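Trainee: Just need the structure, nothing else, for what follows:
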Amino acid sequence: MISRFPTCWRRLLSLLLMWTVVETSAAPSRPPNVVLIYCDDLGWGDLGCFGNRRIRTPHIDRLARQGTRFTSFYVAQAVCSASRAALLTGCYANRLGIHGALGPKQKIGLHPDEMTLAEVLKPRGYVTAIVGKWHLGRPVELLPTRQGFDEYFGLPYSNDMWPENPNAAKNAYPPLPLINGERVVEEMPDPSQLTRRYTEHAVSFIDRNASRPFFLYLAHSMPHVPLFAGARFAGRSRQGLYGDVIEEIDASVGEVLLALKRHRVEDDTLVIFTSDNGPWLSYGHHAGSAGPFREGKGTSFEGGIRVPCVMRWPGHIPKGRTNDTPLMTIDVLPTVARLAGAPLPAKPIDGLDVWPVLRGERGATNPHPAYFIYYNQGDLLAVRSGDWKLFFPHTSQTLAGRPGGTNGMAARYQQLPVGTELYHLRRDPGETRNVINAHPEVVARLTALAETARSELGDRRLQRVGAGVREPGRVE
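Mentor: Have a look, this model is predicted:
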């Protein structure tokens, strides 16, 4: 049929047909599935693909080979609840009135009016589930089933949080409520079985929903202390119980990836693997490694807020690459929303679409002028902009070179005064050389950026109230 046309028209028609095929194959036939795996207290240096030679993580390493390692990936705060609030809403946690780690008796949490990533995706036809740790409100009115998640199976807070019981032995299993939907199904689940049970529920969710777009948020309770590994993994690693726990998490990742492959949705699924903050160093043998970075969880040094991150989406995210562009968890929601064709929340958020960076486009840069590092009850402690990081005066914590604790017992931190300090992170990732006197122009620029943040988000340290801060959810 084409042969009846003149040569020039045949060539044009052939080019049009080729263009149509290329465009059709490049564009996803549906919004991508999203699998977001969030570990608890996993350090930057705990994975083989991030340089660890004592803990075997073949499945996560394979994920990295098939996708991209992001080596300057940040959490908004180096502590549980605040980190998770930022991840799921695209907001700095202090904008939402969420600070620190919410305890079992607290009557606050993420406000039901805030939009989570699950709620952003639901109108696009996604089925949604959280498996594992929630930690954004324990009362039933604040559970994830009220925040856009169709399914919930897991613990409402950290596995070291349990009601005060002076008669309980310190090494007894804590009575943590295991919740399915909105109902407590076990008052005291065996913590050594949590990773396995989370994995089974995650795989079941994929099995039941592989034919439609889905969002799976798998939030492991480990390696937060107290550590427990299943019988198959106990004593298996070369790094004691901590290594056993990480190797079980790696096996869990392998099971999830196998489920995607079994249902032939690997190419339709964006997988993100990362952690909520750096390692809890005071626990010593039961803590991970921050790699080359300074300090760990509970600090605003790189070891506390820079976490390992691997992302894979075949055909869309480059394979086998390392990307050192600074990124933050607040960017996950707006980026995924763009990929799903979903509108952003009506209320202001802080994250931005960083898809060109994830896709590895030539010349792609981070669209943020800076990231702002908050802690405590809304103290602005640091600003990262480009290669620079400026600290403001505050008191941090350190082991000062001493080893951490043993047998699950924590060593005592000592206070660490931090002044107005400037570090060039590309030349000095360990934050060892304060160069503030040599770069007054950088200090002035980052200070001006901090002032903009204070106007919107506040700074309790300076008794500043932000114009954009919102109330958390409260239950009387």
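Trainee: Quick one: the strands in the stretch 301-450 of the chain, in order.
Mentor: With DSSP state E, counting those that start in this stretch, the ranges of strands along the stretch 301-450 of the chain come out as 306-307, 310-312, 321-323, 327-328, 371-375, 379-385, 388-391, 394-398, 414-418, 421-424.
Trainee: got the residue ranges for the helices in the chain?
Mentor: For the chain, applying DSSP state H gives helices covering 7-26, 58-66, 80-89, 117-121, 194-209, 240-262, 302-305, 332-340, 355-358, 440-457.
Trainee: mean pLDDT lowest for which of those helices?
Mentor: When these are compared by mean pLDDT, helix 7-26 comes last with a mean of 38.
Trainee: Is it correct that T447 is in contact with L390?
Mentor: Yes: with contacts counted by CB atoms under 8 Å, T447 reaches L390, the gap being 7.1 Å. Just so you know, the C-beta spots here come from the backbone N, C-alpha and C atoms, and that holds for glycine as well.
Trainee: and those two? which has more neighbours close in?
Mentor: L390 (24 against 13; other CB atoms under 10 Å).
Trainee: How about that one, nearest residue that isn't a chain neighbour?
Mentor: Leaving aside its sequence neighbours, L390 sits nearest to L446 (CB to CB, 6 or more residues apart in numbering; 4.2 Å).
Trainee: measure stretch 75-95 end to end?
Mentor: 15 Å (CA to CA, to the nearest Å).
Trainee: swap in stretch 283-301?
Mentor: 18 Å.
Trainee: buried residues in it?
Mentor: Neighbour-count burial for stretch 283-301 flags 283-291, 293-301 (criterion: 16 or more other CB atoms under 10 Å).
Trainee: How about stretch 352-360?
Mentor: For stretch 352-360, the neighbour count (16+ other CB under 10 Å) marks L352, D353, V354, W355, P356, V357, L358 as buried.
Trainee: if I read this right, the last one contacts M311, doesn't it?
Mentor: Same thing as L358. Yes: counting by CB under 8 Å, L358 touches M311, with 6.2 Å between them.
Trainee: how about G303, what does it touch?
Mentor: Neighbouring residues of G303 by CB atoms under 8 Å, 6 or more residues apart in numbering: G43, W44, G278, P279, L281, A290, G291, F293, R294, E295, G296.
Trainee: Tell me how far P334 lies from P348.
Mentor: Separation of P334 from P348 (CB to CB, to the nearest Å) stands at 12 Å.
Trainee: Just want to know which of those two has more residues nearby.
Mentor: More crowded of P334 and P348, by other CB under 10 Å: P334, with 21 against 12.
Trainee: So that one versus Y152, what's the distance?
Mentor: The gap separating P334 from Y152 is 24 Å, by CB to CB.
Trainee: got it, and R433?
Mentor: For R433, the distance to Y152 - CB to CB - is 47 Å.
Trainee: ok, for E141, nearest residue in space, not its chain neighbours?
Mentor: V475 (5.4 Å).
Trainee: same check, this time on T269
Mentor: Distances taken as CB to CB, 6+ apart put N33 closest to T269, at 4.1 Å, once the chain neighbours are dropped.
Trainee: tell me, how many neighbours does that neighbour end up with?
Mentor: Per other CB under 10 Å, the neighbour tally for N33 reads 25.
Trainee: List the residues that contact it.
Mentor: If you count contacts by CB under 8 Å, 6+ apart, then N33 has P213, F214, F215, L216, L260, V265, D268, T269, L270 around it.
Trainee: How about V443?
Mentor: Counting by CB under 8 Å, 6+ apart, V443 has contacts L390, T420, L422, I436.
Trainee: so can I have a markdown table of those residues showing pLDDT and distance to H316?
Mentor: Shown next, in a markdown table, are these (pLDDT from 0 to 100; distance: CB to CB, whole Å):
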| residue | pLDDT | distance to H316 |
| --- | --- | --- |
| L390 | 99 | 35 |
| T420 | 98 | 42 |
| L422 | 99 | 37 |
| I436 | 98 | 41 |
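Trainee: nearest to Y38, of these?
Mentor: Of all the contacts of V443, L390 has the smallest distance to Y38: 28.2 Å, by CB to CB.
Trainee: For that closest one, name its beta-bridge partners.
Mentor: Note on L390: beta-bridge partners V383, L422, judged by DSSP bridges.
Trainee: Does it touch E421 like I think?
Mentor: Yes: using CB under 8 Å, L390 is in contact with E421, at 7.4 Å.
Trainee: Please name the nearest non-neighbouring residue to S455.
Mentor: Closest residue to S455 apart from its sequence neighbours, by CB to CB, 6+ apart: A467 at 6.3 Å.
Trainee: repeat for A231
Mentor: Distances taken as CB to CB, 6+ apart place S192 nearest to A231, at 7.4 Å, with adjacent residues excluded.
Trainee: want to try a markdown table for the helices of the chain, with distance to N159 as columns?
Mentor: Shown next, in a markdown table, are the helices of the chain (distance: least, CB to CB, whole Å):
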| stretch | distance to N159 |
| --- | --- |
| helix 7-26 | 43 |
| helix 58-66 | 21 |
| helix 80-89 | 11 |
| helix 117-121 | 23 |
| helix 194-209 | 7 |
| helix 240-262 | 11 |
| helix 302-305 | 20 |
| helix 332-340 | 24 |
| helix 355-358 | 31 |
| helix 440-457 | 31 |
